[in-house]
Every structure is written in C-alpha cells, then in structure tokens.
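Participant: Got a predicted structure here, sequence first:
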Amino acid sequence: MNYKNLALTALIAATTTGCVTQPTVKMNAHEWAQDKEYNLTILHTNDNHGNFWQNKYGERGMAARATLVNNIRHEVSAEGGSILLLSGGDINTGVPESDLQDAEPDFIGMNMIGYDAMAIGNHEFDNPLDVLTKQEGWAEFPFLAANIYKDGERMFDAYKIFNKSGIKIAVIGLTTEDTANIGNSEFISEIEFKDPKVEAKKVIAELKEKYNPDMIIAATHMGHYLNGDNGSNAPGDVQLARYLNEGDLDMIVGGHSQEPICMESINQYADFKLGQDCKPDQQNGTDIVQAHEWGKYVGRADYTFKNGEFTLQSYNLIPVNLKRKVNNTDGKRVRVLIQDEIAQDQVVYDTLKPFQEKGQAALGIKIGTTDGILQGERKIVRNNQTNLGRLIATAHMQRAKADFGVMNSGGVRASIEAGDVTYKDMLTVQPFGNIITYVDMAGSEVIEYLNKVGTKTRDSGAYAQFAGISMTVEADRVSNVVIGNKAIDMNASYRFTVPSFNAAGGDGYPNITAHPAFVNTGYVDAEVLKEYIEANSPISVANFAPKNEINHK
C-alpha cells in the first residue's frame, strides 16, 4: 500500500469538503487508530557464537531460549500487544559442535524460536562465501546489511518492513567496517564494507520517502563504546546515533562488543550483575541495547505507541538459566540458578540433539600431527616457558595480526603427545572457552604492562607464556625488551594478544578492557589453536622450543 498517495488522496477529499485537519490526514496515512495505545515488545540477542546447546552447567541453549520467548509471546499476545525478535549477528564461530557443522543447528534453532531478522556480523565471514550463502538459505528470516557491497551492489537487503498491529516498523542492518581488517582476507578481499553511519543516513531518507515508517530500528553489529570512545575500533552504536538527526533511529539493537549495555547515568556503565535491573543507553533520542553474548540473556524492551509516539516503559535482560556460585551447608562452592529454571522446549531439544551428538563424535577426528610432545604439564608450564605455551601464544598472535602474544599458564591444562592431534586435544588443553583479545599500546604502556605481567610469580597460573618478544625479568621489573627483533620504542605502537580472562583482570593481570584500543575478537582459544595446527601441520616442536627469550635473573 502506498501510504503517501493515500494520505494525499485523503487531503484532497478533505479540502473539497472544507474540513481538513492534520489528525485526519495522519490517521489515513497509517493503519493505527488515533488516540489508541498499542503495546510493542522488542526481544533481542547477539553474538551467539555457536551456542545452540546448553553448557555443561545447564546454562543457556536454544531449547530454553525457545521456551522463554514463547512464554513472552503468549503473555504479550494475551494483552493485545505485538513482538519483534531480532539478532545483532555473529551466529558463527566459538563452539566446536557448531563450527564443524557450519552453524546449521544454530540457524535451525533460530527458525524454531521465530527470529524476524538479524544483522550480519563480522564472524559471518569466517567461512568461504558459499557457506554464508548456504546459511542464508537455511534461515527463514532475512540477513540485513546496508553497508556491505560486492561488485558495486549490496550483498544483502538493507532493511525489512514489518507491520505489527498496523504499526509500520523498519529494521535496518549495519555491520562494523572493521570486518575488512579483522575478517579472513581470503574470503572478503572482493567485499567492500562501507561506513555504516553514512549508509544509515541514506537508507533512513529512503525509508521516510517510500514508507514513512512509524518506528525505525537499526539491528547492528558495530559495538557499544562508552561515550563514543571507540579507540582503534571502528565507530560503534553511540557514534551512529550521534551522527544521525535526533530521533532518526528509535532504537539500536546491537552486538559485537559483547556487553550487557546497562547504564548508571549518561555515559557511565552500571556495575551490572546477573539478574539485576538494566537501563539501556540513550544517545540523541535513540535507545541502545545489547544482550551480552552466547544467548546468556534475552533482552526485552516494552514500548507503548500512541499517536505516532513511542515510549519505552521497561527494559530487562532476562537470564537463560544462568547460575552463580554460593557456599552450601558444607562450605563447598556450588552453582545455583539466579532465577527460576526455564524448561527446555522439547521439540527444539529433540531437533537439535542429533547435531550435538554428531558434533561430539566429530571431535575425535585428526586435525594434524606433531613430531614430539608439546609440554603443558602443570608443574612445568607454570614454572617455565614451554613449547606448547609458546605455540598457543603464537597462534593467538597470528590470528590477531599482533606483534607478540601473552598466555597465562593456568589456561594450559594438558600436554599434547607426539603423533596424531585431534580436536578433542584442543578442548583438553584449553577447556575454558576464553576469547582471544588484543590491545594496541604505546611502548611506554607496554613496559608498564609487562612490569606487572612478566614478573608474575612462578608456580602459579598467572605465570605468563610469551611469543614474539624477549626480555630480562628481575624482581618486579623488566628490561632489554625486544619485539620483532628490535628494541622496544617507547613512542611506537604495539599490538599484543591476551586471553579474555586475563584482559578482564584474571590472575591479577591489569584490567585492560576499558582501554580505548581494546578489542574482543570473538574467537575462542581452542578454535584458534585448532586452526593453527591444521594450517601448520606437521608441527615441529623444535620450532617452538624456548631459547631463553624470557631471561629470569
């Protein structure tokens, strides 16, 4: 229906009868009724990263998510409201059972849950483009990206129009332009990732001209950076909202930075804890939300709509069977649910279970070989540089295109014996699912960081394994630091990797997550190690043997 022409016809008719009024024109231009209040609920998730199945503690998983979403649907429908379910992207990469099957179970699960649309994430380009095409075919909902071009044309739809109880809602998809830098160049060399801010402005103008929507939402995979301070990252959701005219976007459903966006006040994050209330960010008249990662939460925003105006009534991050540790009566630490348990939808569970079992069976498949033992024994790796510690740090460093790598020895849980290496070995060595992160720092900052990390006590999990760097360690100071065969330059910039656990302050490492140049890549450590061994097999242990690069005095 062409609403602009309908409005014009109504205006002419009203003029002829001599009783033209603006409310009458507006009523005829839309399907909603004047002075009637409507309820609209926006549900959202982001950064799924292969988490279609519950973890070993019974947390998360799409079967429980399906129950939660269906319960909300029934509740909202019973009250006469409508629901829109969106994803902020990054369905791919992170859980072996999903990765080995090109995330097919994830898209099947999303279909069964009833997603309406998703933004394209940077990790959708981790595989050859024919895999992405296959995934788009599996999905019963549109992939949206206004700023991704190939051969001068958009690769995906820029937007989708939804009609909810007569309310026209436009959802625009936008993807971080950092994909060009952090994506796999083998697969994206012919793809152009344009500035999403500029593309958004063009699309919004087109939408207003063609459809005059009541609400415009951006489903983005760009990241939320406090007060727009994106550092070395591409501009994210905050800068997007500020770039546009005030109120051009009613809402941004985001992803990429994998944060629960809960604010204490303007440009100040709240100290959010599991199950607590959450207040979204608001910038330039736009509500900005993000539901952390991995399906840990379903975000719920409840709006009322009346006479063309939306009002946010409430916002919550609903945990999906998340647990916390408490002391039981014996003084032992146990995990307990933070809210009532959400039952798993039996149909979704039964549908996805064969994929989980198939993925588990595939873990025994050979991925490479090594000509000797890669040493990860606890007593050794926590006291000395080892070939396995250096191999892991090298794999992380290479994946992030970094200058050197830092790996806590507590994250190395076993050795890899000589001979065939399997995917299961990867998960035995690195079972915690840490994410590869990196940061760009000036040489002076690097020295300050190394003075705290390079001097960690031996015989502890904090003792650091290194690759791509050499130094002398004495007492609580480092010296003679060499990176890339050159003495460190205090004014130069260096990139290094560190597991997400340590980046957030684990093992007493400096918390660098607030550093403006900090990046969470979304790549899981075991998966990165697997890919490195596959690409470099057979592994020669001599190539990773320590040669006194870290010299303790």
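Facilitator: In hand now; what should we look at?

Participant: only C-alpha atoms for contact and neighbour calcs from this point on.
Facilitator: Will do.

Participant: Run through the residues that contact Ala119.
Facilitator: Ser87, Gly88, Gly89, Phe143, Leu144, Ala145, Gly173, Leu174, Thr175, Ala219, Thr220, His221 (Cα atoms under 8 Å, 6 or more residues apart in numbering).

Participant: Could you single out the nearest of the residues you listed to Leu374?
Facilitator: Comparing the contacts of Ala119 against Leu374 with Cα to Cα places Gly89 closest, at 36.2 Å.

Participant: what helix or strand does His74 sit in?
Facilitator: In the assignment (DSSP states H and E), His74 maps to helix 62-78.

Participant: Who are the packing partners of the helix or strand just after that helix?
Facilitator: Next along the chain after helix 62-78, taking DSSP H and E as the criterion, comes strand 82-87. Applying 3 or more Cα pairs under 8 Å, 6 or more residues apart in numbering; DSSP states H and E, we find strand 82-87 packed against strand 37-45, helix 62-78, strand 117-119.

Participant: will you turn the contacts of Ala119 into a markdown table that also has secondary structure, distance to Val519 and neighbour count?
Facilitator: Output for the contacts of Ala119, formatted as a markdown table (DSSP: H, G, I helix; E, B strand; the rest coil; distance: Cα to Cα, whole Å; neighbours: other Cα atoms under 10 Å):
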| residue | secondary structure | distance to Val519 | neighbour count |
| --- | --- | --- | --- |
| Ser87 | strand | 21 | 29 |
| Gly88 | coil | 17 | 35 |
| Gly89 | coil | 17 | 31 |
| Phe143 | strand | 25 | 23 |
| Leu144 | strand | 24 | 28 |
| Ala145 | coil | 22 | 29 |
| Gly173 | strand | 22 | 32 |
| Leu174 | strand | 19 | 33 |
| Thr175 | strand | 16 | 30 |
| Ala219 | strand | 21 | 31 |
| Thr220 | strand | 17 | 33 |
| His221 | strand | 14 | 33 |
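
Participant: Quick check: phi and psi at Glu474.
Facilitator: Phi and psi for Glu474, reported as degrees, to the nearest 10, are phi -140, psi 120.

Participant: Run through the bridge partners of it.
Facilitator: Counting by DSSP bridges, Glu474 is bridged to Arg477.

Participant: any idea how far Ile550 is from it?
Facilitator: Counting by Cα to Cα, to the nearest Å, the gap from Glu474 to Ile550 is 11 Å.

Participant: which one of those two has more residues nearby?
Facilitator: Between Glu474 and Ile550, counting by other Cα atoms under 10 Å, Ile550 is the more crowded of the two (21 against 14).

Participant: sorry, back to before: closest to Glu206 among the contacts of Ala119?
Facilitator: Nearest to Glu206 among these, counting by Cα to Cα, is Gly173 at 14.2 Å.

Participant: surely that closest one meets Met155?
Facilitator: No - the criterion here is Cα atoms under 8 Å, and Gly173 misses it with Met155 at 11.7 Å.

Participant: Mutual contacts of those two, please.
Facilitator: By Cα under 8 Å, 6+ apart, the residues touching both Gly173 and Met155 are Ala145.

Participant: Would you confirm that Lys150 contacts Phe187?
Facilitator: No - when contacts are counted by Cα under 8 Å, Lys150 is not listed as touching Phe187 (12.0 Å).

Participant: And the helix holding His74, how far out from the chain middle?
Facilitator: Offset of helix 62-78 from its chain centre (Cα atoms, centre = their mean, to the nearest Å): 23 Å.

Participant: and the angle from that helix to strand 82-87?
Facilitator: Put simply, helix 62-78 runs at 150 degrees to strand 82-87, going by axes from the mean of the first three to the mean of the last three Cα atoms, to 10 degrees.

Participant: average model confidence for helix 62-78?
Facilitator: In this model, helix 62-78 carries a mean pLDDT of 98.

Participant: I'd like to know which elements it is packed against.
Facilitator: Using 3+ Cα pairs under 8 Å, 6+ apart: helix 62-78 touches strand 82-87, helix 104-113, helix 346-362.

Participant: Just send these back as JSON lines, with mean pLDDT and distance to Gly505 too.
Facilitator: Listed next are those as JSON lines, based on pLDDT from 0 to 100; distance: least, Cα to Cα, whole Å:
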{"stretch": "strand 82-87", "mean pLDDT": "98", "distance to Gly505": "29"}
{"stretch": "helix 104-113", "mean pLDDT": "98", "distance to Gly505": "31"}
{"stretch": "helix 346-362", "mean pLDDT": "96", "distance to Gly505": "32"}
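
Participant: For Gly58, which of the ones you listed is the nearest?
Facilitator: Closest to Gly58 of the helices and strands packed on helix 62-78, according to Cα to Cα: helix 346-362, at 12.7 Å.

Participant: returning to what we had before: looking at the helices and strands packed on strand 82-87, spot the one closest to Glu246.
Facilitator: The nearest among these, by Cα to Cα, is strand 37-45 at 20.9 Å.

Participant: tilt between that closest one and strand 82-87?
Facilitator: Here strand 37-45 runs at an angle of 20 degrees relative to strand 82-87 (the same axes, to 10 degrees).

Participant: Each with direction, which strands does strand 37-45 pair with?
Facilitator: Here strand 37-45 is paired, per DSSP bridges, with strand 82-87 (parallel), strand 297-306 (antiparallel).

Participant: which one of those is the most hemmed in?
Facilitator: Of all the strands paired with strand 37-45, strand 82-87 has the most neighbours on average by mean count of other Cα atoms under 10 Å, namely a mean of 22.

Participant: is it true that His224 touches Ser257?
Facilitator: Yes - using Cα under 8 Å, His224 makes contact with Ser257 at a distance of 6.0 Å.

Participant: Please say which of these two ends up with more neighbours.
Facilitator: When neighbours are counted by other Cα under 10 Å, His224 and Ser257 differ, and His224 comes out ahead with 28 against 22.

Participant: need the contact list for that one.
Facilitator: Per Cα under 8 Å, 6+ apart, neighbours of His224: Gly236, Asp237, Val238, Gly254, Gly255, His256, Ser257, Glu259, Ile261.
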